[in-house]
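> Pasting the sequence and the predicted model now:
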Amino acid sequence: MKAQRKAEAMLERLFHLSAHQTNVRTELLAGATTFLTMAYILVVNPLILADAGMDFGAVFTATALSSVIAILVMAFMANLPFALAPGMGLNAFFAYTVVLAMGHSWQFALTAVFLEGILFVLLTLLNVREAILNSIPTNIKKAISVGIGLFIAFIGLVNAGLVVKPEAPKLPVELGDVTQGGALLALVGLIVTGVLLARKVRGALLIGIVASTIIGIPLGVTVLPENFRLLSAPPRPHLFAFDFAGIFTMDMAIVLATLLFVDLFDTVGTLIGVSTKAGLLDNEGRLPQAKPALFADAVGTTIGACLGTSTVTTYVESASGVAEGGRTGLTALATGALFFVALFFSSLFAIIPGAATAPALVLVGLFMMSPIMEIDLHDFTEAVPAFLTMIMMPLTYSIAEGIVFGVVSYALLKLLSGRGKEVHPVTYTIAFLFVLKFLLG
């Protein structure tokens, strides 16, 4: 008991738990929940980069290690409950656009990621990224939280097969077969988790994920491998596998610009959205620890490239831990610890199906809807940009694109309505750059 009290006192000093109205148990549970909702990246990222010719095992190790390093920076420097890992979408761009479509080597793509990380470190130190984050209007920040909620829920529905792409191109999406497989498991998990939430059971999301994984065994969704080994040594990553021969080419400029744009606004959107829900923004709508939080993904991306993986970014799934009460860096630290443990239990985490985490993602989407009640829907110069921000995130499958539509429409509506002075100069600059991006393709 004495050792436990000392440990709790140390954690209190490090993370200021009392000031954030939380405790060790809540933070650890929140961290475990965040980890389980994003553990899929340990399998999905290596699979995607393997299509680019990289070794699955090497990328698995790089994915876990880069996540751990970035999360440690977030936990101890920013004291925020956010987890980081190689980003979805960015890894697809790496593999399918840069390598397979443009014909470059994966070493060339890793070099682009490394340069992106270096630039992000510089932009963070110069406060450029923080200035962009703080310039986004308050109502847009609230809309980002709601939009991310819709986006997360949509990801969950797609992962479970509840929403599918039709074979005949009559509709963009349609309802999947809910009588079997992952879709059925997700519905069962949704009911189980919903009942746990209604009964105010602590750790409802985490329990729901574990229960869904177990229920998925007889349904044939959770697949246990034949040669299952609980413990295994992590494979050696691709260390410093760079190709600097093409860094002064137009292709490198295009690839680098794309990575910078998508990662910048995905990260900014995630930080704003999840921080809004967690009540971490100050009275002026700013995130006090924005700079170290942005520094975490810059460091993660740089080191991740050295280890052999694509761009590291802040994960929207962090919202699941926030929904469980996570408010400090201890939540992030718990998530990072589990990523480290996962290095040696790759077979165990690989069996969690997407359908088992889908209910948690859908319900987190629900939790993130609450800021919509604080948005002024009667002032159309505020309401229209907010609505476009919210709706475009799930429909374009991109946080960044939702921010683009929100910021550009906000600047234009204010300007054309004779209220241009209400817009921050940095917001006008960002809106102009967004329009320029569209015009230049």
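Perfect, thanks for sending it.

> okay, CA-based contacts and neighbour counts for the rest of this
Noted.

> The stretch 251-400 of the chain: strands as residue ranges?
Taking DSSP state E, counting those that start in this stretch, the strands of the stretch 251-400 of the chain run over residues 312-314.

> Then the stretch 1-150 of the chain?
Under DSSP E, counting those that start in this stretch, the stretch 1-150 of the chain gives strands at 84-86.

> for the residue positioned nearest the centre of the chain, what are its contacts?
For the chain, the residue nearest the mean C-alpha position is Tyr315 (1.8 Å; Cα atoms, centre = their mean). In this structure, Tyr315 makes contact with Met38, Phe82, Ala83, Leu84, Ala85, Gly87, Thr267, Thr270, judged by Cα atoms under 8 Å, 6 or more residues apart in numbering.

> For the spatially closest residue to the fourth one that is not a sequence neighbour, grab the count of nearby residues.
This means Leu84. Leaving aside its chain neighbours, Leu84 sits nearest to Thr314 (4.4 Å; criterion: Cα to Cα, 6 or more residues apart in numbering). Residues lying near Thr314 (other Cα atoms under 10 Å) number 28.

> what does Ile118 give?
17.

> pLDDT value on it, please?
We have a pLDDT of 95 for Ile118.

> if I pick it, what's in contact with it?
Ile118 makes contacts with Ala298, Thr302, as judged by Cα under 8 Å, 6+ apart.

> how near is it to Leu125?
Between Ile118 and Leu125 the computed distance is 11 Å (Cα to Cα, to the nearest Å).

> Also Asp297?
Applying Cα to Cα, the value for Asp297 to Leu125 is 13 Å.

> between these two, who's got more neighbours?
Using other Cα under 10 Å, the more surrounded residue of Asp297 and Leu125 is Asp297, with 33 against 15.

> what residues are up against the residue nearest to that one when sequence neighbours are not counted?
Once flanking residues are discounted, Asp297 sits nearest to Thr313: 5.3 Å by Cα to Cα, 6+ apart. Contacts of Thr313 were listed using Cα under 8 Å, 6+ apart, and they are Leu84, Ala85, Pro86, Gly87, Asp263, Asp266, Thr267, Asp297, Gly300, Thr301.

> Same check on Lys291?
Applying Cα under 8 Å, 6+ apart, the residues contacting Lys291 are Ala78, Thr124, Leu125, Asn127, Arg129, Glu130.

> Just the buried subset of these, written out for PyMOL, thanks.
Typed into PyMOL, the line below selects the buried ones among those, using 16 or more other Cα atoms under 10 Å:
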select buried, resi 78+124+129+130
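
> Mark which of the contacts of Lys291 are part of helices, please.
Of these, the ones assigned to helices by DSSP state H are Thr124, Leu125, Arg129, Glu130.

> rewinding a little: farthest-apart pair in the contacts of Tyr315, please.
Met38 and Thr267 (15.7 Å; Cα to Cα).

> between these two, who's got more neighbours?
Taking other Cα under 10 Å, Met38 and Thr267 do not tie; Thr267 has more neighbours (25 against 22).

> Name the nearest residue to that one, sequence neighbours excluded.
Distances taken as Cα to Cα, 6+ apart place Thr314 nearest to Thr267, at 5.6 Å, with adjacent residues excluded.

> Report all helices and strands that the strand or helix carrying Leu196 contacts.
Using DSSP states H and E, Leu196 maps to helix 181-198. Counting contacts by 3 or more Cα pairs under 8 Å, 6 or more residues apart in numbering; DSSP states H and E, helix 181-198 is packed against helix 138-160, helix 204-219, helix 354-367.

> Show me the one of those that comes nearest Val426.
Among those, the nearest to Val426 by Cα to Cα is helix 138-160 (14.1 Å).

> pLDDT on that closest one, on average?
86.

> cool, stretch 308-325 as well?
So the average pLDDT for stretch 308-325 ends up being 90.

> and the end-to-end length of it?
With Cα to Cα as the measure, stretch 308-325 spans 34 Å from end to end.

> same thing with stretch 370-384?
18 Å.

> Please work out which residues outside that stretch touch it.
By Cα under 8 Å, 6+ apart, stretch 370-384 touches 139-140, 142-143, 145-146, 276-277, 386, 409-410, 413-414, 417.

> quick one: which of the residues you listed is nearest Leu239?
Closest to Leu239, out of all of those and judged by Cα to Cα, is Ser145, at 36.8 Å.

> Thr381 and Leu412, how far apart?
Distance, Thr381 to Leu412, by Cα to Cα: 9 Å.

> for the stretch 51-200 of the chain, which spans come out with low pLDDT?
Under the criterion pLDDT under 70, no range of the stretch 51-200 of the chain is flagged.

> go again using 80 as the cut-off
Residues of the stretch 51-200 of the chain meeting the criterion pLDDT under 80: 88-89, 97, 133-134, 168-170.

> Now for the closest residue to Leu271 other than its chain neighbours: which residues touch it?
Take Leu271 and drop its neighbours on the chain: the residue closest to it by Cα to Cα, 6+ apart is Thr314, 7.4 Å away. Counting by Cα under 8 Å, 6+ apart, Thr314 makes contact with Phe82, Ala83, Leu84, Ala85, Gly87, Asp266, Thr267, Thr270, Leu271, Asp297.
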